[in-house]
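J.: got a sequence here, can you model it:
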Amino acid sequence: MNNCDQYREMYEAYALGALNPAERAAFEAHLATGCKICAKAMEEARWLVSQLAYLSPEAAPSEMLKGRLMQTVRAEAAAARPAQPPKKPIPFWMWVGVAALFILTLYSGWEARQLQIQIREVNERAAMELKNREQIEQELADAKREAVILTDPASVSIKLASSDPQSPQLEAKWHSKLGIVLVGQKIPAPSGNRVLQLWLIPKAAGAKPIPSLVVRPDADGKFELLVANPPQLMVDTKALAITEEPAGGSPAPTSTPRWVGGVS
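T.: Model prediction:
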């Protein structure tokens, strides 16, 4: 038998400082002889022990996992007891195996949680991208509809004059199938968070104004409103009117119309 064989099971225990004084003294005396085999084995044992400290993530093991690991250790120790002296400690290799299983279990749980977080983030980004794409597609469709309404000879032109001679005039184009587009330039914005609301005035005697969409001019005074589905047919509408209303609009006019234009 090689003279190093008797020290083979002491490498990791020595690296951990777990040998009893007599074993430690004997092993150190052997190392002092310059044994290259044991010296190399000790380098590997010290590296293994140092790496175990870095492999474990910062997580506390569950009580169930602790119990199962200790049951495994006790069962292995009980199976080995008949061939060992009654008070001989559990073999070091068994502790290394339990520690490796413990670390692997914790790491697997941490890795699974990280994967779940990544999947959730990817789903959120995909939903946001889909929403943005749908919004862009809707804006493109609205722009195409407006362009057709404004240029189609079948659209009826409606001039909306202001009650204020100094206020610019608005113009509406009404296409019987595509809807209404109102446009204007250098339109002063309503005060505060109030809005401009479009109303359809019915031809029927005694009929109340029908509310439609609201809009605010932009910072440059550009006024643009698309009504893809007017609440009333053109043939049943006497005029279009614009009033100033609270944010969100009103079910009935609360102010005198600022612009009015007859539908011919």
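J.: residue 225 - that's part of a strand, no?
T.: Yes - assessed with DSSP: H, G, I helix; E, B strand; the rest coil, residue 225 lies in a strand.
J.: got a list of what it touches?
T.: Going by CB atoms under 8 Å, 6 or more residues apart in numbering, residue 225 touches 180-183, 198, 213, 215. The C-beta positions use only the backbone N, C-alpha and C, and glycine is treated the same way.
J.: and stretch 137-151, average pLDDT?
T.: Mean pLDDT, computed over stretch 137-151, is 90.
J.: tell me what residue 162 is bridged to.
T.: Assessed by DSSP bridges, residue 162 has beta-bridge partners residue 259.
J.: how close does it get to residue 36?
T.: Distance of residue 162 to residue 36, given as CB to CB, to the nearest Å: 102 Å.
J.: compare those two (neighbour count), which wins?
T.: residue 162 (17 against 8; other CB atoms under 10 Å).
J.: the more buried one and residue 169 touch, don't they?
T.: Yes - Residue 162 lies in contact with residue 169 (CB atoms under 8 Å); the separation is 6.5 Å.
J.: which neighbours do those two have in common?
T.: Contacts common to residue 162 and residue 169, judged by CB under 8 Å, 6+ apart, are residue 259.
J.: so who does residue 46 touch?
T.: Residue 46 neighbours (CB under 8 Å, 6+ apart): residue 15.
J.: the helix or strand containing it - what's its average pLDDT?
T.: Assigned by DSSP states H and E, residue 46 falls within helix 36-55. Mean pLDDT, helix 36-55: 78.
J.: got the CA positions of it in PDB?
T.: What follows is helix 36-55, C-alpha atoms only, in PDB (Å, rounded to 0.1, in the frame of the first residue of the first chain):
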ATOM      1  CA  LYS A  36       4.400  15.800  -3.500                       C
ATOM      2  CA  ILE A  37       1.200  13.700  -3.800                       C
ATOM      3  CA  CYS A  38      -0.200  14.800  -0.500                       C
ATOM      4  CA  ALA A  39       1.000  18.400  -1.000                       C
ATOM      5  CA  LYS A  40      -0.900  18.600  -4.300                       C
ATOM      6  CA  ALA A  41      -3.900  16.900  -2.800                       C
ATOM      7  CA  MET A  42      -3.900  19.500   0.000                       C
ATOM      8  CA  GLU A  43      -3.900  22.400  -2.500                       C
ATOM      9  CA  GLU A  44      -7.000  20.800  -4.100                       C
ATOM     10  CA  ALA A  45      -8.700  20.300  -0.700                       C
ATOM     11  CA  ARG A  46      -8.000  23.900   0.400                       C
ATOM     12  CA  TRP A  47      -9.500  25.200  -3.000                       C
ATOM     13  CA  LEU A  48     -12.600  23.000  -2.600                       C
ATOM     14  CA  VAL A  49     -13.200  24.300   1.000                       C
ATOM     15  CA  SER A  50     -12.700  27.900  -0.100                       C
ATOM     16  CA  GLN A  51     -15.100  27.600  -3.000                       C
ATOM     17  CA  LEU A  52     -17.900  26.100  -0.800                       C
ATOM     18  CA  ALA A  53     -18.200  29.500   0.900                       C
ATOM     19  CA  TYR A  54     -18.900  31.300  -2.300                       C
ATOM     20  CA  LEU A  55     -21.300  28.900  -3.900                       C
END
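J.: now that helix: buried residues?
T.: 38, 41-42, 45, 49 (16 or more other CB atoms under 10 Å).
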